[in-house]
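Engineer: Compute the structure for the input listed below.
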Amino acid sequence: MEISSDFRHKLPFSILRVTQELLWVLHKFYLLSQPIRIRRKEMARHTAYGIILTLFLAGMLTLVRASSGANIDVYTQRGGQGPHEPSGAFSPEDEVILTAFVTYSGWPRQFIFVVFTINHPTGHYMTLQAITGADGIASKSFKIPSAEHPGFDVFGTWSVSASASVAGKLCKDTLTFEVHTSIRPAIPEVPLGTIVASAAMIISLVAYITTPRWRRKLQSF
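Structural biologist: Numbers count the residues shown, from 1 in each chain. The predicted structure is shown next:
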């Protein structure tokens, strides 16, 4: 039986929801069995533990969801990491280095045939091919024509797509970049999922380190 991609995406967060509900029920039964004075201390302590666990699970599930299944990420030497993220701008006669990173469940895949399709604003296009190495990376480069190229306007928004078949599944990623007469340095962009997961793990670590201090304060009441 084939499992739909929508179900696979929702499954980690369903597990997180069930885990939270189960912990809450166990927490209530435990508190009801304790004296009132103990309940207040235990409630504060277990609430802190619940927050730590929730943040940790949320961060882990975000990373698992981001790396699950077949995936390809195309970018240039001026950025574009992440799904459908834009790259920095280029000028006429610049060399554009296209890089595709192919993974399956977060692990690099070797000997995967990658097709790059470069689309010009006027409708012209060309294709390039490359094969991934042991690091899961395939690279190819091309040169943007001169601004004086006859009958060919190089300025505007270019788009690039990279596609590959991994474990019988076709995966694809796209990026865009501008071609101008003068360009500004590209600012590196970090995927939103990485930011959320990193922030959740940092908060969990800080809360874990400071938890013994909370316990000592509660026990002194």
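Engineer: residue ranges with poor pLDDT in this protein?
Structural biologist: 1-50, 53-68, 151, 182-194, 196-197, 200-201, 204-221 (pLDDT under 70).
Engineer: what ranges do the helices span in it?
Structural biologist: 5-32, 36-67, 192-219 (DSSP state H).
Engineer: who's in contact with residue 77?
Structural biologist: 96-97, 99 (Cβ atoms under 8 Å, 6 or more residues apart in numbering). C-beta coordinates here come from the backbone N, C-alpha and C atoms, glycine included.
Engineer: What is the nearest of those to residue 141?
Structural biologist: Comparing the contacts of residue 77 against residue 141 with Cβ to Cβ places residue 97 closest, at 4.6 Å.
Engineer: Give me the neighbour count for the closest one.
Structural biologist: Neighbour count for residue 97, taken as other Cβ atoms under 10 Å: 13.
Engineer: Residue 137 is in contact with that one, correct?
Structural biologist: No. Using Cβ atoms under 8 Å, residue 97 is not in contact with residue 137, being 11.3 Å away.
Engineer: Grab the nearest non-local neighbour of residue 116.
Structural biologist: residue 128 (4.3 Å; Cβ to Cβ, 6 or more residues apart in numbering).
Engineer: To clarify, my last question referred to residue 147.
Structural biologist: residue 92 (4.2 Å).
Engineer: which ones are touching the one you found?
Structural biologist: 144-147, 154-155, 179, 181.
Engineer: Which of the residues you listed are buried, as a ChimeraX select command?
Structural biologist: Only the buried entries of the contacts of residue 92 go into this ChimeraX selection, using 16 or more other Cβ atoms under 10 Å:
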select :144,154,179
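Engineer: What's the local residue count around residue 138?
Structural biologist: By other Cβ under 10 Å, neighbour count at residue 138 equals 25.
Engineer: Could you break the chain into its assigned domains?
Structural biologist: 5-67+195-219, 70-186 (automatic domain parsing).
Engineer: circling back: with distance to residue 109 as extra columns, can I get the contacts of residue 92 in a markdown table?
Structural biologist: As requested, these are exported to a markdown table (distance: Cβ to Cβ, whole Å):
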| residue | distance to residue 109 |
| --- | --- |
| 144 | 30 |
| 145 | 33 |
| 146 | 37 |
| 147 | 39 |
| 154 | 34 |
| 155 | 37 |
| 179 | 32 |
| 181 | 39 |
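Engineer: Next step: the contacts of residue 92 restricted to strands.
Structural biologist: Using DSSP state E, the members of those that fall within strands are residue 179.
Engineer: Out of the contacts of residue 92, which two sit at the greatest distance?
Structural biologist: 145 and 181 (13.8 Å).
Engineer: from memory residue 83 sits against residue 173, does it?
Structural biologist: Yes. Proximity of residue 83 to residue 173 meets the contact threshold set by Cβ under 8 Å, at 6.0 Å.
Engineer: Looking at these two, which one has more neighbours?
Structural biologist: Neighbour count, other Cβ under 10 Å: between residue 83 and residue 173, residue 173 has more, with 22 against 16.
Engineer: is it true that that one touches residue 73?
Structural biologist: Yes. Shown here, residue 173 and residue 73 form a contact pair, counting by Cβ under 8 Å, at 5.5 Å.
Engineer: Burial check on residue 177, number of neighbours?
Structural biologist: 23.
Engineer: partners of it in the sheet?
Structural biologist: residue 158 (DSSP bridges).
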